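J.: take a look and give me a structure for this.
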Amino acid sequence: MRILVTGVCGFVGSVIARSLRESLAEAEVVGLDNLVRSGSEINRRRLREEGFRVVHGDIRLPSDLEDLPRCDWIVDAAANPSVLAGVDGKTGARQLVEHNLVGTLNLLELARRWNAGFILLSTSRVYSVAALRALPLASLPLRFTPDPAAKIAGLTAEGVTESFSTTPPLSLYGSAKVASEALALEYGATFGFPVFVNRCGVMAGAEQFGKADQGIVSFWIRSYAARRPLRYIGFDGSGRQARDCLHPADLATLLVIQMRAGQAADRPRVVNVGGGLASSFSLAELSEWCADRFGAHEVRADLAPRPFDVGWLVLDATLAQTSYDWRPTQTREAIFTEIAEHAARHPEWLRLSED
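T.: Purely as a prediction, here's the structure:
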């Protein structure tokens, strides 16, 4: 079996490539990356040293895909992952859509020609910003939490389910992703190849190149350890907004299960993939964790809100757990510790993220 992993030189793509090869000894993993992100050259060198074939190419350009070896599965891990993309003055809206939607279309055409299985790494940000902001939240000392008395469609005690509203506004990023989901499912149904859509929570782990708008856990821990300026943005400046986190090695475990399931009719095609309440955290709680490890460091309050920010978004991954007998194994504490230990060994990582 041969597997194509796009975005292979990113944090998530590189971890998935290694995990797939470790779990599927018979598989050859081929990587594709356009190498435009900070740190991607470091990962390309490492992957090549480990024996991976890494091709320089852009999924937005069909001609870059023409000479790839035929594969049995495509894992679409290439994307602009920032919810602020298209409105932050760094990436144009058209560029975002070309990358996160048109690029997926080109890969689906490749899957059709190859009759290959297709796995799309989607995002929790396909859920409606308006609906999430309308959630009645209770204020605990260090985090927001949904009012337990609230009865909201698609919300359980464990978090947001797959049936939660995906009605815009979502963000340009989220809209491109939900459109990619629909397109992928339509291609699979029309042309008869297996398609899986994984709506992922916040990814985090040691070698992530963290920024304030993406890779927030890595960015926060490294910045705190280096005594860099940090800000709680919006939501009364308290840092109580909460998310859940997941290590991509745990995601890779699910990908293997999905590949083995193939076209099995009794498996759901769209699932949430996150750490759930057990791995959820607020920035205030993350700061408290950092203070215990590194000592006190001031975090300032910035009351100005950012577009698309929400006070609480935790994924209920029960469907993935019950349908695929899958559960994340890496705890929130383990993920935080992994990043902190890597930060101690590689204090230059923050600079690499910014280059």
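
J.: show me what the host helix or strand of residue 173 is packed against.
T.: Assigned by DSSP states H and E, residue 173 belongs to helix 172-191. Contact here means 3 or more C-beta pairs under 8 Å, 6 or more residues apart in numbering; DSSP states H and E; on that basis helix 172-191 packs against helix 93-97, helix 103-114, strand 117-123, strand 195-200. All C-beta spots, glycine's among them, are computed from the backbone N, C-alpha and C.

J.: in the first one, what counts as buried?
T.: Buried residues in helix 93-97, counted by 16 or more other C-beta atoms under 10 Å: 96, 97.

J.: next: stretch 99-119.
T.: Neighbour-count burial for stretch 99-119, with 16+ other C-beta under 10 Å as criterion, is recorded at 99-108, 110-112, 114, 116-119.

J.: about what we covered before: want to throw the helices and strands packed on helix 172-191 into CSV with distance to residue 169 and mean pLDDT?
T.: Output for those, formatted as CSV (distance: least, C-beta to C-beta, whole Å; pLDDT from 0 to 100):
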stretch, distance to residue 169, mean pLDDT
helix 93-97, 14, 91
helix 103-114, 21, 98
strand 117-123, 15, 98
strand 195-200, 18, 98
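
J.: my guess is residue 215 contacts residue 350, does it?
T.: No: using C-beta atoms under 8 Å as the test, residue 215 is too far from residue 350 to be in contact (10.8 Å).

J.: return stretch 224-240 as PDB; C-alpha atoms alone will do.
T.: Presented in PDB, the C-alpha positions along stretch 224-240 are these (Å, rounded to 0.1, in the frame of the first residue of the first chain):
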ATOM      1  CA  TYR A 224       5.800  32.000  28.600                       C
ATOM      2  CA  ALA A 225       9.100  30.100  29.200                       C
ATOM      3  CA  ALA A 226      11.000  32.800  27.200                       C
ATOM      4  CA  ARG A 227       9.300  35.600  29.100                       C
ATOM      5  CA  ARG A 228       7.900  37.000  25.900                       C
ATOM      6  CA  PRO A 229       4.900  39.400  26.000                       C
ATOM      7  CA  LEU A 230       1.600  37.600  26.200                       C
ATOM      8  CA  ARG A 231      -2.000  38.900  26.000                       C
ATOM      9  CA  TYR A 232      -5.400  37.600  26.800                       C
ATOM     10  CA  ILE A 233      -7.500  38.900  23.900                       C
ATOM     11  CA  GLY A 234     -11.100  39.800  24.200                       C
ATOM     12  CA  PHE A 235     -13.600  38.100  26.500                       C
ATOM     13  CA  ASP A 236     -13.000  40.600  29.400                       C
ATOM     14  CA  GLY A 237      -9.300  40.000  29.100                       C
ATOM     15  CA  SER A 238      -9.300  37.100  31.600                       C
ATOM     16  CA  GLY A 239      -8.100  34.300  29.400                       C
ATOM     17  CA  ARG A 240     -11.000  32.100  30.300                       C
END
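
J.: who touches that stretch?
T.: For stretch 224-240, contacts defined as C-beta atoms under 8 Å, 6 or more residues apart in numbering pick out 139-140, 142-144, 220, 222-223, 241, 282-284, 287, 290, 293-294, 297-306, 309, 311, 340, 343-344, 347, 350.

J.: now stretch 339-348
T.: Stretch 339-348 is contacted by residues 204-208, 217-218, 221-222, 225-226, 293-294, 349 when judged by C-beta under 8 Å, 6+ apart.

J.: now residue 310. Nearest residue, chain neighbours left out?
T.: Nearest residue to residue 310 in three dimensions, chain neighbours excluded: residue 132, at 4.3 Å (C-beta to C-beta, 6 or more residues apart in numbering).
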